[in-house]
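In: here is my input, please return the structure:
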Amino acid sequence: MQTLRSVLFSNWASDERLEGKTVVVTGANTGIGKETARDLAKRGARVILACRDKTKAEKAVSDITKEVGGAKVVAGQLDLADTKSICEFAEHIYKTEKALHILINNAGVAMCPYSTTVNGFETQFGVNHLGHFFLTFLLLDLLKHSAPSRVINVSSLAHMMGKICLEDLNMERSYHPVKAYAQSKLANVLFTRELAKRAEALGVTAYAVDPGVVNTELVRHLQRPLQVLVSRFSYLVKTPAEGAQTSIYLAVTPESELCTGGYYRSCAEAVCSKAGLDDGTALKLWTVSCHLLGIRWR
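Out: Residues are numbered from 1 along each chain as shown. Here you go, the predicted model:
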């Protein structure tokens, strides 16, 4: 007999193996990032846990290696709020890895009070979008060298509330934590769309993920009434393992069965917002992101 959770959430499963594949997962010391890393390690992949806190990353490595016999898992230090740290992480990857087949841009911050990154960007936009945009730019040559390869960007259903404020991306005029989060998650979808167009000829595909409402550390900044609401409707809230399923699906499913540039939910392609399909805004966002980061990405 089916449970309510089995009806609401995907029962997708695959025995696909990933021996010989190298994967980077950002924010993999906890939540859906850690569950994603655990699953891919079980499939035989070499998994690099790219985390801001190296100690927590090493603890996650220890947890996974204890559970998964023969796991090839290592920790890496990466602060997506600091372009210097992103550069140092990328340099380390090029020095230590011969290939990179899957980049999962999973890390994120959500609905936090106003703050800025080391480089002066509003934190949610700076970490969730610009940090991953810059990391992907730096690792693209290795992804290209390892083709076929793929980039998976973890977005959110919240992108449907988002608007790209090109004239005020840092929301200095009027900051609201939910609006800032929604903008950053819409940016993930638009980045995926534009990256897919530019990288397909290089053998690199790109996908955006909506993991659903997941019980992770991201909810810690929610206002008390929203926390109570989430608790009351807990049967609609996914565990981290359940929330990781679509990221895993996109990491292991043959490319011929996927649509590059697509938006995925519950292990299937889904319809994103009208704003998420706006190629004009995607191009403008790409251009301004390059300008803010001081890079040239054709």
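In: now Met195: how far from Arg52?
Out: Small correction: residue 195 is Leu, not Met. 23 Å (CB to CB, to the nearest Å). C-beta: built from backbone N, CA, C; applies to glycine.
In: kindly export the helix or strand hosting Ala282 (C-alpha atoms) in CSV.
Out: Using DSSP states H and E, Ala282 sits within helix 279-293. Below are the C-alpha coordinates for helix 279-293, written out as CSV (Å, rounded to 0.1, in the frame of the first residue of the first chain):
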residue,chain,number,x,y,z
ASP,A,279,16.5,34.4,-22.9
GLY,A,280,16.9,38.1,-23.1
THR,A,281,17.2,38.5,-19.4
ALA,A,282,19.4,35.4,-19.2
LEU,A,283,21.9,37.0,-21.7
LYS,A,284,21.8,40.4,-19.8
LEU,A,285,22.4,38.6,-16.5
TRP,A,286,25.3,36.7,-18.0
THR,A,287,26.9,39.9,-19.3
VAL,A,288,26.5,41.8,-16.0
SER,A,289,27.8,38.8,-14.0
CYS,A,290,30.9,38.7,-16.1
HIS,A,291,31.3,42.5,-15.6
LEU,A,292,30.9,42.2,-11.8
LEU,A,293,33.4,39.4,-11.6
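In: the stretch 101-250 of the chain: strands as residue ranges?
Out: Here the stretch 101-250 of the chain has its strands, by DSSP state E, counting those that start in this stretch, at 102-105, 149-154, 204-210.
In: Ala45 is in contact with Glu19, correct?
Out: Yes - using CB atoms under 8 Å, Glu19 is in contact with Ala45, at 7.5 Å.
In: between Leu195 and Arg52, who's got more neighbours?
Out: Leu195 (26 against 18; other CB atoms under 10 Å).
In: just for this structure, where's the confidence low?
Out: Along the chain, segments meeting pLDDT under 70 span 1-10, 215-236.
In: what segments of it are helices?
Out: Using DSSP state H, the helices of the chain run over residues 4-8, 31-42, 54-67, 83-96, 123-124, 132-145, 177-199, 224-232, 240-243, 245-252, 279-293.
In: tell me which of those helices approaches Thr260 most closely.
Out: Set against Thr260 and scored by CB to CB, the helices of the chain come closest in helix 177-199, at 4.3 Å.
In: and the angle for the closest one with helix 279-293?
Out: 100 degrees (axes from the mean of the first three to the mean of the last three CA atoms, to 10 degrees).
In: show me what helix 177-199 is packed up against.
Out: helix 123-124, helix 132-145, strand 149-154, strand 204-210, helix 279-293 (3 or more CB pairs under 8 Å, 6 or more residues apart in numbering; DSSP states H and E).
In: looking at these, which is nearest to Ala268?
Out: Nearest to Ala268 among the helices and strands packed on helix 177-199 is strand 204-210; the distance by CB to CB comes to 10.8 Å.
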